[in-house]
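**Q** next comes the sequence, and after it the predicted model I'd like to discuss.
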Amino acid sequence: MRRLMAHPATLDAAVHHLQKRRTERDNLAFCRVLARLAVRSLHHELVLYPKPGLVSRVDNGSHTDMNALTFLRSLFSLRHYFYQIAVAGLEAAPFHRLQTLAISAEQRMLRATGGINTHRGAIFALGMLCAATACCRARRMPLQPQVIRATLLIQWGDALARHSIAGAGEQPHLPSSHGQRVAAQYAVGGAREEGALGFPAVFEVALPQLQATLAQGRDWTCASIDALFALMAHLSDTNVYHRGGAAGASLVRARSAAFLAAGGSARDGWQQQALDCHHAFVAQRLSPGGAADLLAAACLLHQVGLLDGERG
Ligand SMILES: CC(C)(COP(=O)(O)OP(=O)(O)OC[C@H]1O[C@@H](n2cnc3c(N)ncnc32)[C@H](O)[C@@H]1O)[C@@H](O)C(=O)NCCC(=O)NCCS
Ligand SMILES: Nc1ncnc2c1ncn2[C@@H]1O[C@H](COP(=O)(O)OP(=O)(O)OP(=O)(O)O)[C@@H](O)[C@H]1O
């Protein structure tokens with residue numbers, strides 16, 4: 001103590017070091033909370049029902065190769081990934097580092113599901129949003145949607161754009177995908193374009209719809225249903241094209257727009273209309289998996305915004 005008192009500069013340095021350590025500890029604790037919110041958002045998406053064509057605890061939708069347990073195993077396998085990619089976001093890590101973490105997560109997912117693609121789109125969308133949110137946190141920026149989106153594009157927009165136009169041959173480290181084949185066949189952007197544009201379907205469609213329904217006094221389930229239908233009415237979902245072609249995509253958009261035009265979850269008996277839509281999609285093996293992924297992403301951002309509000 002005498003040595004410290006002898007040199008005020010040493011005292012300042014010691015205080016600064018302690019404050020730095022405390023900030024680092026707080027930021028890592030934030031990344032743990034963020035990762036839990038990401039897993040919780042995927043779980044919320046899984047248990048939502050009716051969810052046209054998609055797997056829930058009630059039934060397997062249009063899928064014969066996976067059920068709710070497959071998804072539970074999958075989302076549990078991702079619990080460390082979301083923390084890791086958030087920590088990488090704290091440091092504004094380069095895109096290739098995020099990609100390495102995502103590829104490892106996909107491999108863990110496939111091991112957990114016996115080789116079934118349950119959350120590849122969610123690993124991408126929620127992973128990028130966790131990284132961008134943590135990046136904002138490290139810079140003491142408000143965790144509001146427009147700030148998170150701007151940070152995502154500033155930090156990784158160029159890399160996401162390159163990723164969206166890269167051909168399979170330029171990415172030998174990545175498995176071939178239905179999405180790329182469908183994107184070429186139908187000239188639709190898919191997940192890669194969505195990411196390169198900063199996830200407009202999340203920030204401009206799903207999240208505003210989710211929050212509008214909540215503001216009208218309806219509950220989290222109603223808000224999630226309205227946001228899902230808004231996504232299905234808007235998105236060029238490569239899952240839908242992969243299974244139903246352009247005709248299938250038109251059916252998904254038309255039935256979803258009709259649900260919202262009739263009042264969405266504000267209308268009495270909306271559950272039956274949503275269930276009829278579910279049965280219509282299942283009859284044609286349609287599965288709007290991209291909309292499901294982005295619904296989870298919107299749920300994550302909404303909860304992050306609430307966190308920010310608590311922080312004041
Ligand atoms: C961009 C991704 C989704 C690959 O997309 P691609 O269309 O090539 O593959 P695939 O068909 O397997 O997956 C697409 C998935 O995205 C979802 N999806 C479909 N359409 C859309 C859409 N319009 N918007 C958002 N998600 C969509 C679906 O759930 C679908 O399963 C991503 O998995 C990827 O590139 N992974 C490699 C690791 C990586 O680079 N990650 C980036 C850092 S997180
Ligand atoms: N609840 C859900 N039910 C079904 N799919 C979901 C759900 N939530 C998210 N998804 C997304 O949809 C994708 C699964 O759709 P799909 O099975 O059509 O893809 P695929 O495995 O590429 O195609 P296929 O199974 O026809 O070979 C998952 O990768 C996931 O991103």
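**A** That came in fine, so what should we check first? Ligands and ions are numbered 1, 2, ... in the order given.
**Q** in this structure, what residue is nearest ligand 1?
**A** Per C-beta to the nearest ligand atom, the residue of the chain with the smallest distance to ligand 1 is G179, at 1.7 Å. For the C-beta atoms, the positions are set from N, CA and C on the backbone; glycine is no exception.
**Q** distance check, that residue against ligand 2.
**A** Counting by C-beta to the nearest ligand atom, to the nearest Å, the gap from G179 to ligand 2 is 7 Å.
**Q** how about residues contacting the one helix or strand that residue maps to?
**A** In this assignment (DSSP states H and E), G179 forms part of helix 178-186. Surrounding helix 178-186, the residues in contact under the criterion C-beta atoms under 8 Å, 6 or more residues apart in numbering are 168, 188-193, 236, 238-239, 241-242, 245-246, 249.
**Q** only whichever of those are buried, select them in ChimeraX.
**A** When burial is assessed using 16 or more other C-beta atoms under 10 Å, the buried subset of the contacts of helix 178-186 is captured in ChimeraX by this command:
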select :188,189,190,191,192,193,236,238,239,241,242,249
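**Q** of the contacts of helix 178-186, closest to ligand 2?
**A** Sorting these by how near they are to ligand 2, with C-beta to the nearest ligand atom, puts N239 at the top with 4.1 Å.
**Q** quick one: the closest one and G290 touch, right?
**A** Yes: taking contacts as C-beta atoms under 8 Å, N239 lies within contact range of G290: 5.4 Å.
**Q** anything in contact with each of these two?
**A** Each of G121 lies in contact with both N239 and G290 under the rule C-beta under 8 Å, 6+ apart.
**Q** ligand 2 contacts on the stretch 51-200 of the chain?
**A** Neighbours of ligand 2 within the stretch 51-200 of the chain, by C-beta under 6 Å from any ligand atom: L54, V55, G61, H63, D65, N117, T118, H119, R120, G121, A122, H178.
**Q** filter those down to the buried ones.
**A** When those are checked for burial by 16+ other C-beta under 10 Å, the buried set is L54, V55, G61, H63, N117, T118, H119, R120, G121, A122.
**Q** once you drop chain neighbours, what's closest to the fourth one?
**A** Nearest non-adjacent residue to H63, counting by C-beta to C-beta, 6 or more residues apart in numbering: V55, 5.5 Å away.
**Q** ok, the one you found - contacts?
**A** Each residue near V55 by C-beta under 8 Å, 6+ apart is listed here: L46, G61, H63, M66, N67, A68, T70, F71.
**Q** residues touching the last one, list them.
**A** It stands for F71. Taking C-beta under 8 Å, 6+ apart as the contact definition, F71 lies against L42, L46, V55, T118, H119.
**Q** just the element for it, please.
**A** Element membership of F71 [criterion: DSSP H and E] is helix 68-77.
**Q** cool, the second one as well?
**A** When secondary structure is defined using DSSP H and E, no element contains G61, which sits outside every helix and strand.
**Q** kindly report the same for the first one.
**A** Using DSSP H and E, L46 sits in helix 8-47.
**Q** does that helix come close to ligand 2?
**A** Yes: residues of helix 8-47 contacting ligand 2 under C-beta under 6 Å from any ligand atom: E45, L46.
**Q** and that helix, what does it pack onto?
**A** Using 3 or more C-beta pairs under 8 Å, 6 or more residues apart in numbering; DSSP states H and E as the contact criterion, the neighbours of helix 8-47 among helices and strands are helix 2-6, helix 68-77, helix 79-90, helix 120-138, helix 220-234, helix 289-311.
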